[in-house]
Each structure stands twice: as C-alpha cells, then as structure tokens.
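# quick one: sequence and predicted model below, then my questions.
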Amino acid sequence: MSRTVAIVTMGCARNEVDSEELAGRLAADGWTLVDDAANADIALVNTCGFIESAKKDSIDALMQAHSLKADGKVRAVVAVGCMAERYGTELAAALPEADAILGFDDYQDISKRLNTILSGGSIDVHVPRDRRTILPISPIDRQSVNEATKSKFGQGARLIRKRLDNAPIASLKIASGCDRRCTFCAIPQFRGSFVSRPPTEIIEEAKWLAANGVSEIFLVSENTTSYGKDFGDLKLMEAMLPELSKIDGIERIRLSYLQPAEIRPTLLQAMVSTEKVLPYFDISFQHASGALLRRMRRFGDSEKFLLLLSQIRALSPAAGIRSNFIVGFPGETEAEFEELLAWLDEAQLDRVGAGVLEQLSRAPAPLHRDDRVECSVPDHDRWERGLQIEREPGHRGHESAERDEPGRARSPLAEAERIAVLAVGGFGRAEMAPHSDVDLLFLTPWKVTPWAEQIIERVINRCASIGDINHSAEQPITTQMKFIVVTQITMIFHILGL
C-alpha cells in the first residue's frame, strides 16, 4: 500500500538539510514524498525552536496541518526538529493536535516511527535532555565514539539525502552542535556538542549535489570556524576548500556563520584565494561593546572587530560582509548602544540584521543569579532600536554599501542588493522603508505587488541569461520561477554570476 508524507520545513538552512535527510530515509523505505500536505497521509513538520516568532510559526504550521484532517486525507501530524527536541513533553501537553513529538534520536528510524503512527500505534513522547552530556567533553575524544552515536549528530557512513526542490543553490551541513556557552542561546542544549563531519563525507555529498543540478553550495553549521577541531586539525577547512572547488558542476562556494574570535589568518587566506569560494563573510559579531560581549560570554570588542574587517578588506577589497546584532541585552546601557551605532558607522558592513533579546529563546538560567540585571533600555524602545540599526540611512547596509570609497571596490553583496533584496514572510520579516537609490523589495507572504512583479521578472531574465534558469523571452514566467526567486534570497548572487 502506498504511503505518502509531506515534509514542512521551518527555520534555518540546517533544518532544510535535516528535512532532505529525513526525505532520503523515507524514500529509501518506500514512502512517496508529496509537496502538498493536503495530499499526504502524514504531515511531518520540521520545527524551529530558537526565536519566539519562529516557534509561533512552527505551532501555526502544526495547527494548519491538523486542520487538513477534516478533509479526510491527512491521517497524522508529526512534529520533529528543534522545537520538538527542545520541548518534547511540554509541547505534547500544550499541543494535542500533534499526533507525535519526535526527537533527533528518532531520525534514524523515522520510517518505522511513522509506520507505527499510521497503523494506530503510539509513540512515546520525546523527553528532552541536555544533549551536551551525550558526547565527551574533550572535542578530540568525540570521534572515537561509536557510529550509531555519531550519526545522531549529523554523521553517517553513507549519504542519505533527497532534494526537495530544484534550486541551483543547496546547503551542505559540515558539522552539528556548538561548544560555546553564549548566555542568550540555547542551541547547544538541544543540538549538543560540536561534531565535525569527515571531509570525505562532505566532498561525497557535494559531488552528489552537483550531479543533482546544484551549482552553488552553502557550507552550514552552528559554528563553521570550529570545523575540524574534534579531528585535532583546526586547518581542516583550509585543506577541504580546494578539494570542493575541484568538483565539476560546483561553481560557487560560500561559508556561513563565522565566529570572529575563531577567524584565523589561514582561513581568511583560503577563503579569498581558493577558486570558486565567494568573498562572502557571514560573521557573528552580536555587538561591539567589549563589556557587554563579556556578559554574553563572548570575545572581542569594537577595536578588535575593526581590525578583523581591515584584514579581510586588505585581502579582498570586494568582500561582502554581513552580521547580526542583539539589542536590549540585560544591562545594555545607552553608552553601549551608542558604541554599537558608532562602530557600525565605521565598520560599513554590507548587510546588517538586528534582533531584540526578548525575541530570542535563551538557555535556562542564562546568567548567574548575581548577574541578572534588568536592561536599562525600556521595552517599547527595543524594537525601534533594532529597526534603527537595520534601516537607518547613512550608517551601513543598503546606502553605505552603495558608496564608492577610494581604494575599495563595490562588494558583490552590495552589488547584488542593488538589484533586489527579497524578504518574504517567515524567511525574513523586515519592516524598512526602501532607499531611493536601491531597488529594495519587501513582500508580504505570498503577495506580489505589480512593482515586485517587474523586479522578479528582471531577476529571472538575468538569471536565464547566465543559464541558472531555463527560460527565454518567448517562454512565460511561471509561478515556480517566481517561487525560486522569492524564496531563495541567495539567488541574487547568480544575477552577477558570482
């Protein structure tokens, strides 16, 4: 009997990879994957549990899937992913509409779990635990654990993955977990300790992606700069990048989530000198005040961060640099916030995002009792401060990226954003006014304005001219083409053939 399943993915690029790995396991066991949950026996929702809005979106997705039961096709709704892993029993009690709450340890036997649910059996609700306790404390000892344990953290003896779209860009997970103890972040608690995948696995998967139509790979993890430390080789990334660049069909390689305290000269050199690696630096600064960063249990300060930026731009004047920042952290003073704004003026980053602390799901007891101080910034000012960082002209991002500075070439990120910046619903809720000299496009979920249609058409036609979309002037622009452009923000890089 045919068994159908639809996978609904919420959250980050790492979740997208997890969904494709789940799809691979299910397809290998005879399940038929369908795009529309309304046509599936089981709706499998891969949830996000990091920020409040993402958790709300995940709950909404579960509720929407549950509503499809009324039509008679959908027989079960199953939650997996970070929110399911983190909250388990608590989520099950609060959301009886979900027929099962599964944790990461269930992924290896996902087909068996779903078969049990379809046959009317019950699955024990996942009980959360601190996954940092599963592996040895010493990173170098983690590779010695058995294969079954390592597979729970993103490693596997063979490739199990199935593409869920035909986009020319794909994320490739190089590691899982994090060893940092940032006070605002709970990810290490439910994702576990940092574990690198062997280079051979990563290269094999990159070749598979190329054979399946991918021309750009995006290396993702919770902390890409830590890659290789559990193999005893912190320069393993530098050795792997040239091997990835040799793969036929892969034209562009990007790295995500670089920790500033761990960015080393050899990694910078490898990123700017290795063929096909884009000069794209996704650096997690979070703030510029040294004192506040210490309260976050992070390293660095405004001076050290500016030095790092100068090193990057000296090696690659065309480098595109983006980062995220937190405002409203406990104890943040007016002086510390002004220090951040002043630093952003000087740093001239190409893309900036800002989050309010209250919207971040922090780890339990994020600060020692004596350190739990109230933020001096009033609640009603925090959102405005976050928006101020993202949208204020003349500081950074959109307008500053357009400036032609002596001795500094326009960055590829800024040039891409000059054509269009696509922010859609759950993919990036931005509420900024477009600047007059930048084609800045903001779309509400699934609503495309006439002006947006023109921009999307221009993007598609430009992509077609470099062969990334099979389209000609005589052919109509399909909804699928628009969907690719809208949902894949990084498609913008293809506009310039970067």
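Yep, it's here. Computed from a predicted structure; not experimentally measured.
# show me this protein divided up by domain.
4-128, 133-410, 420-495 (automatic domain parsing).
# mean pLDDT lowest for which of these?
When the domains of the chain are ranked by mean pLDDT, domain 420-495 comes last with a mean of 40.
# all strands of the stretch 201-350 of the chain, in order?
216-220, 252-255, 280-282, 320-327 (DSSP state E, counting those that start in this stretch).
# for the stretch 1-150 of the chain, that is, sorry about that
For the stretch 1-150 of the chain, the strands defined by DSSP E, counting those that start in this stretch occupy 4-9, 32-33, 42-47, 76-81, 100-101.
# tally of neighbours for residue 231?
Residue 231 has 15 neighbours, counted by other C-beta atoms under 10 Å. Using the backbone N, CA and C atoms, a C-beta is placed for each residue, glycine as well.
# hmm, it is touching residue 175, no?
No. Using C-beta atoms under 8 Å, residue 231 is not in contact with residue 175, being 10.6 Å away.
# show me what contacts residue 223?
The contact partners of residue 223, by C-beta atoms under 8 Å, 6 or more residues apart in numbering, come to 175, 178, 179, 180, 194, 257, 259, 262.
# distance-wise, check residue 95 relative to residue 343.
Taking C-beta to C-beta, to the nearest Å as the measure, residue 95 falls 42 Å from residue 343.
# more crowded one of those two?
residue 343 (21 against 18).
# next, the contact list for that one, please.
Neighbouring residues of residue 343 by C-beta under 8 Å, 6+ apart: 288, 302, 305, 306.
# in helices, which of those residues appear?
Among the contacts of residue 343, the residues falling in helices (DSSP state H) are 302, 305, 306.
# residues near the last one, how many?
Under the neighbour criterion other C-beta under 10 Å, residue 306 is assigned a count of 14.
# contact partners for it?
Residue 306 touches 343, 346, 347, counting by C-beta under 8 Å, 6+ apart.
# returning to that earlier point: so which of the strands of the stretch 201-350 of the chain comes closest to residue 50?
Smallest distance to residue 50 across those (C-beta to C-beta): 12.0 Å, for strand 320-327.
# re earlier: mind listing the shared neighbours of residue 231 and residue 175?
Residues touching both residue 231 and residue 175 (C-beta under 8 Å, 6+ apart) are residue 196.
# was I right about residue 35 contacting residue 6?
Yes. In this structure residue 35 lies within contact range of residue 6 using C-beta under 8 Å: 6.8 Å.
# beta partners of residue 322?
Under DSSP bridges, the beta-bridge partners of residue 322 are residue 282, residue 351.
# thought residue 131 was touching residue 191?
Yes. Counting by C-beta under 8 Å, residue 131 touches residue 191, with 6.5 Å between them.
# need the overlap of contacts for those two.
Jointly contacting residue 131 and residue 191 under the rule C-beta under 8 Å, 6+ apart are 85, 177.
# what distance do you get for the nearest residue to residue 264 once chain neighbours are set aside to residue 263?
Excluding the flanking residues, the one nearest residue 264 by C-beta to C-beta, 6 or more residues apart in numbering is residue 234, at 7.3 Å. Between residue 234 and residue 263 the computed distance is 11 Å (C-beta to C-beta).
# ditto for residue 83
Noted for residue 83: a distance of 31 Å to residue 263, by C-beta to C-beta.
# equivalent analysis for residue 309, please.
Residue 309 sits 11 Å away from residue 263, going by C-beta to C-beta.
# neighbour-wise, which of the two wins?
residue 309 (21 against 18).
# check contacts around the residue lying closest to residue 54 once chain neighbours are set aside.
By the measure of C-beta to C-beta, 6+ apart, the closest residue to residue 54 outside its immediate chain neighbours is residue 48, 4.0 Å from it. Each residue near residue 48 by C-beta under 8 Å, 6+ apart is listed here: 10, 11, 12, 15, 54, 55, 57, 58, 81, 82, 83.
# reformat those as TSV; add distance to residue 221 and neighbour count.
As requested, the contacts of residue 48 are exported to TSV (distance: C-beta to C-beta, whole Å; neighbours: other C-beta atoms under 10 Å):
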residue	distance to residue 221	neighbour count
10	19	24
11	15	23
12	11	18
15	13	21
54	19	21
55	22	21
57	23	19
58	21	26
81	17	26
82	14	27
83	20	28
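# can I get those in JSON lines with distance to residue 219?
Listed next are the contacts of residue 48 as JSON lines, based on distance: C-beta to C-beta, whole Å:
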{"residue": "10", "distance to residue 219": "21"}
{"residue": "11", "distance to residue 219": "18"}
{"residue": "12", "distance to residue 219": "14"}
{"residue": "15", "distance to residue 219": "16"}
{"residue": "54", "distance to residue 219": "22"}
{"residue": "55", "distance to residue 219": "26"}
{"residue": "57", "distance to residue 219": "25"}
{"residue": "58", "distance to residue 219": "25"}
{"residue": "81", "distance to residue 219": "21"}
{"residue": "82", "distance to residue 219": "20"}
{"residue": "83", "distance to residue 219": "25"}
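# residue 208: which of the residues you listed is nearest?
Of the contacts of residue 48, the one sitting nearest to residue 208 (C-beta to C-beta) turns out to be residue 15, at 19.5 Å.
# contact partners for that closest one?
Residue 15 neighbours (C-beta under 8 Å, 6+ apart): 9, 46, 48, 81, 82.
# please redo it, this time with the cut-off set to 7 Å
By C-beta atoms under 7 Å, 6 or more residues apart in numbering, residue 15 lies in contact with 9, 46, 48, 81.
# so which of the residues you listed comes closest to residue 292?
residue 48 (26.3 Å).
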